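**Student:** This is the structure alone, sequence omitted:
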């Protein structure tokens, strides 16, 4: 079989899968942000009708999955596999959200990079001939994440300005072996990068080196420049991490500031919403991708996007033990047309 | 492309990957059990030279990975991707164990089913033409798991007889696109099954329905009977769950008791080691597979094994919120020879 491997760690898919449908469900604060028109559902009740925040997160997962299915004109039985994960211990937001469906399930954990990792695996599953339809779903919830990683909300602890605000949201995408696009054409999975940042309130600084590692590998593996893409979208470095990433590339003589965007900076209006360095969480890049970005590609706003989600692979325990924050970035190339298709 | 899908959820690989090397590292108690001769390393220091149990778990991961590489005569740079996960919050045993390697990484979470899930994804990655070599690695540690899921060890809480003992161990396998076998020929990923068990000290009862669901689907998808396999190995139902599984099949008029084994019952001697219902944990099925089972296949003891790892997808938070335990089972068929090869 012809290799699909290009360079050290990039994959060129031989039969690029198409996004068939995608949906995103978010909370009140996200619904007040600049991307408000791109969400399929905004729920002003942070409990989503449930009794706990964890159950609320699972309810979001279920709603996003069902909405993406409906928009794809498919039912659960049409989906061969779902790849999904979230930030909570033992990925319980996902397990309890997917429970009750009948879809074979692969649990994935890549912290805030999980949407790119899930998309990568779903796309490989289709390209490898293992499925006709596969889904990628991720979620995060501000309140369940605060309880998981930081302090009780009731404590009202002050957050440093480098901290990011976990997005309450879930994004779901249906990939298909055939379809009108947009297509996933290339994947660059990440390596774990750890430059010794121990401040768990500065995830942007911890994740920027991982983003730089994956992005620069992607460009060199494929022999392309960042200008190949209309947008290079990280998710979520926030303001601190985005500045660092742009600086890293500037030292290589490359300016990515023109086409770089960050999901954490797109989803909130930092001037008018109190989110410090920007948004974060598995649900941030997932809901920006499954709404604003993919809608925009369908409308012809962008032809090629590099979706590079970043994750900080820490846990509350490792932070308490004084450990630094290992990080990862997984990149997925999305193209509105395939080579040879008329644009 | 010819479909590799058989029935609802089974995959028949077109180019079955081969196990090139495999290794397992365990703790003192496991080293005193009946499989003591099959482990590559037994460390009597439960801290593995580290300062915390979580760091000890990561040290095991690193050692298992490096030992499997050495036994495969490969170096890190030869491995295209590693699929790995563990039981700790945010899979930190894995992230910190893989950190420092240069291998592109996919984080996986399937609770105690993670070894089968990782093997499945690594095998699909090879069969799909995405890699020449891929690894699957998982771990668990009794002390880090107790701290994560139950009570402080110092508290000395009494455990009900249905409880299982988390294995301190890590298993690592290198899969290759070519090789002398044993081969992964079929995969049946699991669906989430939840029959309402809320007792987190009775995982066997929670997981048995998931094992039954995946195994019976596997047999019906392929049109085979359980007798097709020399061994059907679950991991880890323990004594309670194994009895339930055998009962479920008996109601279908099928006797699997002759060729069914359970990793949780194999790794400890329940008469002489105080482990109640048996072993559990991602590291249990991984270290039984990567030692005793694969060694035995190479030695000709078994020709075909169905490795069906089961996971309980609960978290400490979901249990405190009164939730039941969603479970999953992923099955991987391993064959010493391919059809047509001389036995």
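**Tutor:** Okay, I see it. Here the structure is a predicted model, which is why all the values come from computation and not from measurement. Numbering: from 1, shown residues only, chains lettered A, B, ... in the order given.

**Student:** What's the local residue count around the closest residue to residue A:228 other than its chain neighbours?
**Tutor:** Closest residue in space to residue A:228, ignoring its immediate chain neighbours: residue A:304 at 6.7 Å, by Cβ to Cβ, 6 or more residues apart in numbering or on different chains. Where C-beta positions appear, they are placed from N, C-alpha and C, glycine not excepted. Other residues near residue A:304 come to 18 when the count uses other Cβ atoms under 10 Å in any protein chain shown.

**Student:** for the one 3 residues further on, same thing?
**Tutor:** For residue A:307, the tally of surrounding residues (other Cβ under 10 Å) stands at 26.

**Student:** quick one on the thing from earlier: hey, what's the residue nearest to residue A:228 bridged with?
**Tutor:** residue A:335 (DSSP bridges).

**Student:** how near is it to chain B?
**Tutor:** Per Cβ to the nearest Cβ, to the nearest Å, residue A:304 is found 22 Å from chain B.

**Student:** wait, doesn't that residue sit right on residue A:334?
**Tutor:** Yes - counting by Cβ atoms under 8 Å, residue A:334 is a contact partner of residue A:304 at 7.1 Å.

**Student:** Next, the contact list for the residue of chain A found nearest chain B, please.
**Tutor:** Nearest to chain B in chain A, going by Cβ to the nearest Cβ, is residue A:128, at a distance of 2.4 Å. Counting by Cβ atoms under 8 Å, 6 or more residues apart in numbering or on different chains, residue A:128 touches B:4, B:124, B:125, B:127, B:128, B:129, B:130.

**Student:** which one of the residues you listed has the most neighbours?
**Tutor:** The contacts of residue A:128, ranked by neighbours (other Cβ under 10 Å): first place residue B:124, 28 neighbours.

**Student:** Got the domain ranges for chain A?
**Tutor:** With automatic domain parsing as the criterion, the domains of chain A are listed as A:5-176, A:183-335.

**Student:** got the residue ranges for the helices in the stretch 51-200 of chain A?
**Tutor:** A:53-71, A:92-98, A:114-127, A:142-149 (DSSP state H, counting those that start in this stretch).

**Student:** taking the mean pLDDT, what do you get for the second one?
**Tutor:** The one in question is helix A:92-98. If you average the pLDDT over helix A:92-98, you get 97.

**Student:** one step back: among the helices of the stretch 51-200 of chain A, which is nearest residue A:172?
**Tutor:** Closest to residue A:172 of the helices of the stretch 51-200 of chain A is helix A:53-71 (Cβ to Cβ; 3.8 Å).

**Student:** in the closest one, what's buried?
**Tutor:** For helix A:53-71, the neighbour count (16 or more other Cβ atoms under 10 Å in any protein chain shown) marks A:53-69, A:71 as buried.

**Student:** ok and that helix relative to helix A:142-149, angle-wise?
**Tutor:** Angle, helix A:53-71 to helix A:142-149, by axes from the mean of the first three to the mean of the last three Cα atoms, to 10 degrees: 130 degrees.

**Student:** is helix A:53-71 up against chain B anywhere?
**Tutor:** Yes - residues of helix A:53-71 contacting chain B under Cβ under 8 Å from any Cβ of the partner chain: A:54, A:55.

**Student:** who touches the host helix or strand of residue A:250?
**Tutor:** Element membership of residue A:250 [criterion: DSSP states H and E] is helix A:238-251. By Cβ under 8 Å, 6+ apart, the surrounding residues in contact with helix A:238-251 are A:162, A:164, A:202-209, A:211-212, A:215-216, A:226, A:234, A:237, A:255-257, A:260, A:262, A:264-265, A:270, A:276-280, A:310.

**Student:** from the middle of its chain, how far away would whichever helix or strand comes after that helix be?
**Tutor:** Later in the chain than helix A:238-251, the nearest helix or strand by DSSP H and E is strand A:260-262. The chain centroid and the centroid of strand A:260-262 are separated by 13 Å under Cα atoms, centre = their mean, to the nearest Å.

**Student:** partners of strand A:260-262, with directions?
**Tutor:** Sheet partners by DSSP bridges: for strand A:260-262, these are strand A:231-235 (parallel).

**Student:** What residues sit buried inside the strand or helix carrying residue A:24?
**Tutor:** For residue A:24, the element it lies in under DSSP H and E is strand A:18-27. For strand A:18-27, the neighbour count (16+ other Cβ under 10 Å) marks A:18, A:19, A:20, A:21, A:22, A:23, A:24, A:25, A:26, A:27 as buried.
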